[in-house]
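Asker: my questions concern the predicted model and sequence given below.
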Amino acid sequence: MTTKPRSRPHPQHDEILRLLTEGLSAAEVARRLRADRASVRAIRRAAGLPAFEKPPPPTLEEKWQARVHPLDGGHLEWLGERARGATPVMRFQGKSVSPLAIAFRMRTGREPVGQVRAECDVPYCVAPGCVEDEPGRLRIREQLRYLKGTAERSPFCARGHDQAVHGRYEPDGTAYCHECKVTQRGAASATVAERSS
């Protein structure tokens, strides 16, 4: 079907042409100006403008970058969505991803092992230089322990758990057994449940 040429220009011709040259789609121009889509497409063709190409969706890193705010000292505040416990979270391609893990990958170029957390004093900081995965945290905290002159961690805890597997460090370098901590939490939860029933 051919459209017969108009004897006079569209009443919004100049405004339509301006928006089309800015890179908007015919559908968006028609919506904004409440004009007919066919008229907008005809003006695009007559002006010799290329067909609209939808821009590619932002990459994971671009989406992350759009949701951070710089703070003093090189820290980054997360402005995006948060989970129940105020932990930063982001949706990308239908999946929930950790902004902390993205920051870690940006810095190291590898996938994190275990949970990624900020090692600075700024709560939920997502600056790549401030986040560490579990092995990184263990290494940093172990180094802190040695710098403070604290003795080497014993190979087994008081209950016999292998500390090469279950050993962890608090942020100040204090050693603890993760297995014992999990067992204690479970026992405390069971006690609370018994009392409430």
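Answerer: Right, received. Where do you want to start? Numbering: from 1, shown residues only.

Asker: check contacts around the closest residue to R67 other than its chain neighbours.
Answerer: Nearest residue to R67, sequence neighbours excluded (Cβ to Cβ, 6 or more residues apart in numbering): G80, at 3.6 Å. (C-beta placed from N, C-alpha, C; glycine too.) Residues in contact with G80, defined by Cβ atoms under 8 Å, 6 or more residues apart in numbering, are R67, P88, V89, M90, P99.

Asker: what's the answer for E15, then?
Answerer: L33.

Asker: rewinding a little: hang on, the residue nearest to R67 in a strand?
Answerer: No: assessed with DSSP: H, G, I helix; E, B strand; the rest coil, G80 is coil; it does not lie in a strand.

Asker: what are the boundaries of the strands in this structure?
Answerer: For the chain, the strands defined by DSSP state E cover 68-70, 76-78, 90-92, 95-97, 117-118, 131-132, 167-169, 175-177.

Asker: elements contacting the second one?
Answerer: Read it as strand 76-78. strand 68-70 (3 or more Cβ pairs under 8 Å, 6 or more residues apart in numbering; DSSP states H and E).

Asker: what's the pLDDT at R139?
Answerer: What the model reports as pLDDT for R139 is 90.

Asker: can you report how many residues neighbour it?
Answerer: The tally of other residues near R139 (other Cβ atoms under 10 Å) stands at 12.

Asker: okay, it and A158: tell me how far apart.
Answerer: R139 sits 24 Å away from A158, taking Cβ to Cβ, to the nearest Å as the criterion.

Asker: again, but for I140
Answerer: Taking Cβ to Cβ, one finds I140 at 25 Å from A158.

Asker: more neighbours, the two?
Answerer: Shown here are I140 and A158; by other Cβ under 10 Å, I140 has more neighbours (15 against 8).
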